[in-house]
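Novice: can't give you the sequence, but here's the structure:
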């Protein structure tokens, strides 16, 4: 089998070629000789003598090509707003997928890097259908002002903002999802001024990033969370340049390779001549960038504020603001949306288990209607289930169980229904616990589904609740599955697991049955909903079942299973989103959260 050719891209001008040469030299020194590489340098103004120096780096494994992007920029100039793109070489990385249709994947590297690892290993990483592979931007993670900026202005979590100085670009996905066109559209809509093209890229690629090992982009900034000898690439970001500062962090790696190039003496002279005034200017520029980020945060017409005003349904925006408020106040078990006024469900109005023939017929009809409804949503891409993970845990159950799930959408129970169907267990029925008002007072089509799709309504009437508990225990004992929402509230598109209530786990303990923790993660699709928000793509995670510990009391069994359930959800959340789970609850409201979280973390 013929080994693949690995395309690698740099972008620079005549002034920056010398640093590109050091980076390329380090790359060539450490790359596997098993492959052929094509090193492309995108430019608009590089002299022939400089080109000759770069060409001298080529050998049997490495071909070097200079690609003048002037003609391409001219061809799309009518689409671009008036900005000095010819001098902003970092923007050229946006053009790679369109300019090179022969490539399905390409590696982009900034010139202020030193590559210590084998780039073939990086390139051959399977990033699946992600738009690109990248590493977390440590400036956003470690600097409060920049982290707040990307969250409040760009609309991307500080923990999921990537550094664009090393990108493994999925060219096919860039073309398929019109990344360049989206970039140009956003250029006309808003001028990001803090990290500029990096802001646009993070906005466009949000939730479509494959997170690579951070060692492939070791930034010379803040705390480095691993020994430096494990770094596979050093990235001299911001003003931290070894050719300016004698004691630059990780500078020894740069000079190791610079010494082996024709530019060594010139680079040393550049460092020696770097004046105090220039260093003061660097310090001031860093302070100015922080001030600029703060200014953007407080702008009434910043990007996220403008999006909220221009494109997004105001009711949805109000709900998101309410969620932020409730999290701050520790009100996790309260719904943020106003359900129809409910009435009390009386014991003589419902039989939880023993249904009449008429009720069974309505149930059959309701499931048929519900499936048709969901199938239509799926076809119209208003409801997107991307994949099931851990479905074998569903299939392995040999008894009835309590299923738990996070609650963030009125239709999320149908996602769990699809997981149940994918598990192919026709001898077991699937039931879902719902709120009292949804059963007694929900009107029309949705009300019919609420009352007849194997629903088990809660009740504010104690006698009705006795029937509820008895019915749930009987169903589980008979081998059926019962879906609970132990968070006890629905927060629209809220991604974090909320603190849990004990009720679901008490039901499992009473029935001597396991709990099957399910947690749904989501990411933005490329489908814009009618409300101005992207439709979410769901991944249903099914964790291994949690069995009650028989030597404990029923209460202790419930608490133990609740703790393990939360731990399973927390692990999925942190693994899938690459974000440490934390709540923005204000200190004065922490008492409501403290007991639960402390209990879970002990």
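Specialist: Nice, I can see it. Keep in mind that this is a model prediction, so the values were computed, not measured.

Novice: mind listing the strands for the stretch 51-200 of the chain?
Specialist: All strands of the stretch 51-200 of the chain, identified by DSSP state E, counting those that start in this stretch, fall at 62-68, 105-109, 113-115, 132-136, 162-170.

Novice: Tell me which of those strands sits most buried.
Specialist: Counting by mean count of other C-beta atoms under 10 Å, strand 113-115 has the highest mean neighbour count of these, with a mean of 27. C-betas here are computed from N, CA, C, even on glycine.

Novice: quick one: strands adjacent to that strand?
Specialist: Its sheet considered, strand 113-115 pairs with strand 233-235 (antiparallel) by DSSP bridges.

Novice: could you dump the strands of the stretch 51-200 of the chain to CSV with mean pLDDT and distance to residue 11?
Specialist: As requested, the strands of the stretch 51-200 of the chain are exported to CSV (pLDDT from 0 to 100; distance: least, C-beta to C-beta, whole Å):
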stretch, mean pLDDT, distance to residue 11
strand 62-68, 97, 9
strand 105-109, 98, 8
strand 113-115, 98, 12
strand 132-136, 97, 16
strand 162-170, 97, 11
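
Novice: Determine which residue lies closest to the centroid of the chain.
Specialist: Residue closest to the mean C-alpha point of the chain, counted by C-alpha atoms, centre = their mean, is residue 207 at 4.0 Å.

Novice: ok so, going back, tabulate the strands of the stretch 51-200 of the chain in TSV, adding columns for distance to residue 321.
Specialist: Below are the strands of the stretch 51-200 of the chain laid out as TSV (distance: least, C-beta to C-beta, whole Å):
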stretch	distance to residue 321
strand 62-68	47
strand 105-109	37
strand 113-115	41
strand 132-136	27
strand 162-170	27
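
Novice: Which one, of these, ends up nearest to residue 252?
Specialist: strand 113-115 (9.9 Å; C-beta to C-beta).

Novice: Now do that closest one: distance to the chain's middle.
Specialist: With C-alpha atoms, centre = their mean, to the nearest Å as the basis, strand 113-115 stands 27 Å off its chain's centre.

Novice: hang on, the earlier thing: can you say which of the strands of the stretch 51-200 of the chain is nearest to residue 392?
Specialist: strand 132-136 (27.8 Å).

Novice: Could you please name the strands the closest one pairs with and the direction of each pair?
Specialist: Strand 132-136 is paired, per DSSP bridges, with strand 162-170 (antiparallel), strand 209-211 (parallel).

Novice: will you turn the ones you listed into TSV that also has distance to residue 403?
Specialist: Shown next, in TSV, are the strands paired with strand 132-136 (distance: least, C-beta to C-beta, whole Å):
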stretch	distance to residue 403
strand 162-170	35
strand 209-211	29
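
Novice: Name the spans of this protein whose pLDDT lies under the cut-off.
Specialist: For the chain, the stretches with pLDDT under 70 are 1-3, 81-87, 340, 591-602.

Novice: now residue 260: how far from residue 351?
Specialist: 83 Å (C-beta to C-beta, to the nearest Å).

Novice: For stretch 41-61, buried residues please.
Specialist: Buried residues in stretch 41-61, defined by neighbour count with 16 or more other C-beta atoms under 10 Å: 41, 42, 43, 44, 46, 50, 51, 54, 57.

Novice: correct me, but the second one touches residue 95?
Specialist: Going back to what we said before, that points to residue 42. Yes: with contact defined as C-beta atoms under 8 Å, residue 42 reaches residue 95; the gap is 7.5 Å.

Novice: Please identify every residue contacting each of the two.
Specialist: Common neighbours of residue 42 and residue 95 (criterion: C-beta atoms under 8 Å, 6 or more residues apart in numbering): residue 69.

Novice: distance between the ends of stretch 493-506?
Specialist: Its start and end residues considered, stretch 493-506 measures 27 Å (C-alpha to C-alpha, to the nearest Å).

Novice: For it, buried residues please.
Specialist: 494, 495, 496, 497, 498, 499, 500, 501, 503, 504, 505, 506.

Novice: What is the burial count for residue 478?
Specialist: 13 (other C-beta atoms under 10 Å).

Novice: contacting residues for it?
Specialist: residue 400.

Novice: what's the helix or strand for the residue nearest to the centre of the chain?
Specialist: For residue 207, there is no enclosing helix or strand under DSSP states H and E.

Novice: returning to what we had before: farthest-apart pair in the buried residues of stretch 493-506, please.
Specialist: 495 and 506 (26.9 Å).

Novice: of all the strands of the stretch 51-200 of the chain, which lies closest to residue 324?
Specialist: Comparing those under C-beta to C-beta, the one sitting nearest is strand 132-136, at 23.4 Å.

Novice: List the contacts of the closest one.
Specialist: By C-beta under 8 Å, 6+ apart, the surrounding residues in contact with strand 132-136 are 125, 127, 159-164, 166-170, 173-174, 205, 208-214, 216-217, 578.

Novice: Which members of the buried residues of stretch 41-61 are positioned in helices?
Specialist: 50, 51, 54 (DSSP state H).

Novice: Now the first one: closest residue in space that isn't a chain neighbour?
Specialist: Yep, that's residue 50 we're talking about. Using C-beta to C-beta, 6 or more residues apart in numbering and skipping residues adjacent in sequence, the residue nearest residue 50 is residue 17, 4.7 Å away.

Novice: Spit out the contact partners of the one you found.
Specialist: Contacts of residue 17 (C-beta under 8 Å, 6+ apart): 46, 50, 53, 54.

Novice: Going by distance to residue 73, which of those residues wins?
Specialist: For these, the nearest to residue 73 is residue 46 (15.1 Å; C-beta to C-beta).

Novice: Ramachandran angles for that closest one?
Specialist: phi -130, psi 130 (degrees, to the nearest 10).

Novice: my read: it touches residue 12, true?
Specialist: Yes: using C-beta under 8 Å, residue 46 is in contact with residue 12, at 7.4 Å.

Novice: could you pull out the helices for the stretch 301-450 of the chain?
Specialist: Remark: helices assigned in the stretch 301-450 of the chain by DSSP state H, counting those that start in this stretch are 303-310, 314-329, 357-379, 391-395, 412-422, 436-440, 444-452.

Novice: List just the one of these that sits closest to residue 567.
Specialist: Of all these, helix 391-395 comes closest under C-beta to C-beta, at 15.4 Å.

Novice: Chain neighbours aside, what residue packs nearest to residue 179?
Specialist: Nearest to residue 179 is residue 204, by C-beta to C-beta, 6+ apart, at 5.6 Å.

Novice: On the strand side of things, show who the closest residue to residue 62 other than its chain neighbours bridges to.
Specialist: Spatial nearest neighbour of residue 62, chain neighbours left out: residue 37 (4.9 Å); criterion: C-beta to C-beta, 6+ apart. For residue 37, the beta-bridge partners are residue 6, residue 62 (DSSP bridges).

Novice: how many other residues sit next to residue 37?
Specialist: Around residue 37 there are 23 residues (other C-beta under 10 Å).

Novice: how near is it to residue 22?
Specialist: Relative to residue 22, and taking C-beta to C-beta, residue 37 is found at 17 Å.

Novice: just residue 303 next, same as before
Specialist: 36 Å.

Novice: Of those two, which one has the most company?
Specialist: residue 22 (26 against 20).

Novice: Now that that one has come up, it's in contact with residue 263, right?
Specialist: Yes: the pair residue 22 / residue 263 is scored as a contact, 7.0 Å apart, by C-beta under 8 Å.

Novice: closest to residue 89 among the ones in helices among the buried residues of stretch 41-61?
Specialist: Each of those was checked against residue 89 using C-beta to C-beta; the closest is residue 50, at 14.1 Å.

Novice: correct me, but residue 514 touches residue 508?
Specialist: Yes: assessed by C-beta under 8 Å, residue 514 is found in contact with residue 508 at 6.8 Å.

Novice: Quickly list what's touching both of those two.
Specialist: Shared contacts of residue 514 and residue 508, counting by C-beta under 8 Å, 6+ apart, come down to 401, 402, 548.
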